[in-house]
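>>> Give me a 3D structure for the following:
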Amino acid sequence: MSSQPDRPDQLFPAEPTQRAIARELYAHARDLPVISPHGHVDPALLADDEPFPDPARLLVVPDHYVTRMLLSQGIPPGELGVPTRPGVRARPPAGDGDYATETDGRAIWRKLAANWHLFRGTPSRLWLEKTFAEVFEVDAVLGPDTADGVYDAIAAKLAEPAYRPRALFERFNIEVLATTESPLDDLARHAKLTADGWGGPGGRVITTFRPDNVVDFEFDGWSDNVAALGAVTGADTGTYAGYLDALRARRQAFIAAGATSSDHGHPTALTLRLDRREAAELYDRGLRGAATAADAEAFRAHMLVEFARMSIEDGMVMQLHPGSVRNHNKWLYATHGRDVGGDIPQATEYLHALTALLDAYGNDPRLRIVVYTLDEYTFTRELAPLAGGYAALYLGAPWWFLDSPEVLRRFREAVTETAGFYNTAGFVDDTRAFCSIPARHDVARRIDAGFLARLVAEHRLGLDEAAETIVDLAYRLPKRVFKIGEKLP
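Numbering: from 1, shown residues only. Below is the predicted model of the structure:
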């Protein structure tokens, strides 16, 4: 089998002087602990600490970066083992008939290997090859001729105790990993982690409060979710006042489970300040099923301001990531459900959209809002100037569709001159793919080393300052901005 070359200077500048400086700077960050304050790893993975399944179910089936690329070439997710929605048969996007969802891990793996060329130049290939080599010590180049050999080598590793989730967590040098749960989650997995000494405030695995399914009128089953929220908390969610009480109660439960932040994935960044009567009327229309799309947008926008108020009260950091047209691929959503690669970015406006929230609380240092985007053209025009002008606002790292080396570089180039380094929030991996976490953080550290090396080579930054900055970007900033390890009020 052909093998991957050794790549110690991967992603560093090609220019020799800058490359040498990048190498030196990267050495300061390479072995720092990983802070992962925004991600979607299933907490059951670490709570139960069961052996991983076969390589395909670990590295292909849950990775919608991989499955969406193959879908773009006519290979439906069912052929890659992606489960269908309950009661739905796997059917091809076009034509008649249906087919069984593939359950043979080796067959799934061979399909990936046969189409490996599709991933040339993509971050998916970069992350997967680093995972093969650095996590599983497999350096063969994946392809049709090597598929079975790579599969067997990874499968053999997965059978070893050293490759159980908690053992890998230790090996990955993860200091803190944040998962993401809705207010309706019973947090039982986090309770188990706390009982085992892994969770709770200051723990190694913490939760994040994601309330979209009880805020967005357009979310499937919203009114049922609101009723369930009332049942969980004992609050009367038939009234707007009771609804707010229920949300505050669940935020406290999440803080007790270790949460330091909330997470809000709205279609736009719009914020509105409505009075209590107007908000209650909107809420009532939502419960009656009489709300329009404009009502749904107004209520989401109002609730962002409400959540900012709650964050000042309870200390949670607030994350906002608008701009995704959810379930744009309607066949994919109808067949396989949410979060399987059917979402598409759209242009997003921030300057005017955030005005209501920033007018109310933007200068209050007790509030921290980390804003992400799927629209990189807003980095220079809107987001960097906003973060450079409001005490409450920080820039989240490029993520999801923008988490490639190219955009990570452009992000630093676009925002540093206006927002500096210290109005950014470090790096987030935003992944469901647990084994890719070290690869993603290593890529970010290498890109930052290259960017800082250029500043040093151009005599714009001292080498000692650059060395301090790369440690801040990789480790200190995400800890500080996301209040990792702090006791919330």
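
>>> For the nearest residue to residue 411 once chain neighbours are set aside, which three-state class applies?
The shortest distance from residue 411 to any non-neighbouring residue, by CB to CB, 6 or more residues apart in numbering, is to residue 398 (4.8 Å). Where you see a C-beta, it was placed from the backbone N, CA and C, and this is true even at glycine. When the structure is split into helix, strand and coil by DSSP: H, G, I helix; E, B strand; the rest coil, residue 398 lands in coil.

>>> I'd say residue 398 and residue 409 touch.
No - under the criterion of CB atoms under 8 Å, residue 398 is not in contact with residue 409, lying 9.5 Å apart.

>>> The two: who's more crowded?
Neighbours of residue 398 and residue 409, each counted by other CB atoms under 10 Å, are more numerous for residue 398; the result is 28 against 18.

>>> What is the burial count for the nearest residue to residue 255 once chain neighbours are set aside?
Excluding the flanking residues, the one nearest residue 255 by CB to CB, 6+ apart is residue 488, at 5.5 Å. Using other CB under 10 Å, the number of residues around residue 488 comes to 18.

>>> what sits against residue 488?
Listed by CB atoms under 8 Å, 6 or more residues apart in numbering, the contact set of residue 488 reads 201, 255, 260, 314, 315, 316.

>>> what sits against the last one?
Read it as residue 316. For residue 316, counting by CB under 8 Å, 6+ apart, the contacting residues are 209, 251, 255, 259, 260, 261, 262, 310, 488.

>>> Can you report phi and psi for it?
Taking degrees, to the nearest 10, you get phi -60, psi 140 for the backbone angles of residue 316.

>>> so what's it scoring on pLDDT?
In the prediction, the pLDDT value recorded for residue 316 is 98.

>>> cool, the first one as well?
In the predicted model, residue 201 carries a pLDDT score of 95.

>>> Any figure for the gap between it and residue 487?
Relative to residue 487, residue 201 is positioned 7 Å away (CB to CB, to the nearest Å).

>>> So these two - more neighbours on which side?
Neighbours per residue (other CB under 10 Å) separate residue 201 from residue 487, with residue 201 holding more: 16 against 10.

>>> Check the contact between the more buried one and residue 252; I expect there is one.
No - applying CB under 8 Å, one finds residue 201 not in contact with residue 252, separated by 11.9 Å.

>>> Could you give the number of residues near residue 120?
Using other CB under 10 Å, the number of residues around residue 120 comes to 7.

>>> What of residue 213?
Neighbours of residue 213 under the rule other CB under 10 Å: 18.

>>> contacting residues around it?
Listed by CB under 8 Å, 6+ apart, the contact set of residue 213 reads 182, 183, 184, 219, 221, 222, 225.

>>> what does residue 451 give?
If you count contacts by CB under 8 Å, 6+ apart, then residue 451 has 409, 412, 413 around it.

>>> and of the residues you listed, the nearest to residue 233?
Proximity of the contacts of residue 451 to residue 233, judged by CB to CB, is greatest for residue 412, which lies at 42.8 Å.

>>> wait, is the closest one part of a helix?
Yes - read with three-state DSSP, residue 412 is one of the residues of a helix.

>>> In three-state terms, how would residue 175 be classified?
In three-state terms, and counting by three-state DSSP, residue 175 is strand.

>>> Look up how far residue 328 lies from it.
From residue 175 across to residue 328, the span is 36 Å (CB to CB).

>>> Those two: who's more crowded?
Set residue 175 next to residue 328 and count neighbours by other CB under 10 Å: residue 175 wins out with 16 against 13.

>>> residues in contact with the helix-or-strand element of the chain with minimal mean pLDDT?
Within the chain, no helix or strand scores below helix 330-336, which has a mean of 90 by mean pLDDT, DSSP states H and E. Outside helix 330-336, the residues within contact range by CB under 8 Å, 6+ apart are 71, 77-78, 82-85, 88, 90-91, 93, 327, 340-342.

>>> Ramachandran coordinates for residue 319?
Taking degrees, to the nearest 10, you get phi -110, psi 130 for the backbone angles of residue 319.

>>> got the contact list for it?
The neighbourhood of residue 319, defined by CB under 8 Å, 6+ apart, consists of 38, 208, 261, 262, 263, 264, 369, 370, 371, 372, 396.

>>> Mind giving me the PyMOL select for those residues, buried ones only?
Under the burial definition 16 or more other CB atoms under 10 Å, those of the contacts of residue 319 that qualify are selected in PyMOL by:
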select buried, resi 38+208+261+262+263+264+369+370+371+372+396
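
>>> tell me the SS of the most centrally placed residue in the chain?
The residue at the geometric middle of the chain, judged as the C-alpha nearest the mean C-alpha position with CA atoms, centre = their mean, is residue 430 (2.0 Å). For residue 430, the secondary-structure state derived from three-state DSSP is coil.

>>> and the gap between residue 478 and residue 398?
From residue 478 across to residue 398, the span is 14 Å (CB to CB).

>>> Please apply the same query to residue 127.
Distance check for residue 127 against residue 398: by CB to CB, it reads 14 Å.

>>> cool, and residue 109?
In this structure, residue 109 lies at 30 Å from residue 398, with CB to CB as the measure.

>>> likewise residue 63?
Summarising the geometry, the distance separating residue 63 from residue 398, computed by CB to CB, is 19 Å.

>>> related to what we said a few turns ago, pick the one among the contacts of residue 451 closest to residue 473.
Nearest to residue 473 among those is residue 412, at 9.1 Å by CB to CB.

>>> Can you get me a residue count around that closest one?
Burial measure for residue 412: 22 neighbouring residues, criterion other CB under 10 Å.

>>> Correct me if wrong: it contacts residue 449.
No - the criterion here is CB under 8 Å, and residue 412 misses it with residue 449 at 10.9 Å.

>>> Mind telling me what element the closest residue in space to residue 462 that isn't next to it in sequence is part of?
In this structure, residue 462 finds its nearest non-sequential neighbour in residue 456, 7.2 Å apart by CB to CB, 6+ apart. Element membership for residue 456 (DSSP states H and E) is helix 437-457.

>>> Give me the next element, helix or strand, following that helix.
The first helix or strand that comes after helix 437-457 along the chain, using DSSP H and E, is helix 463-471.

>>> mean confidence for the following helix or strand past that next one?
Beyond helix 463-471 on the C-terminal side, the first helix or strand identified by DSSP H and E is helix 477-481. Computed over helix 477-481, the mean pLDDT rounds to 98.

>>> Give me the residues contacting helix 477-481.
If you take CB under 8 Å, 6+ apart as the criterion, helix 477-481 is touched by 35, 37, 176, 317, 368, 370, 394, 421-422, 424-428, 484-485.

>>> would you list every one of the helices in the stretch 101-250 of the chain?
Counting by DSSP state H, counting those that start in this stretch, one finds helices in the stretch 101-250 of the chain at the ranges 105-114, 123-130, 147-158, 165-171, 188-195, 212-215, 222-233, 240-256.
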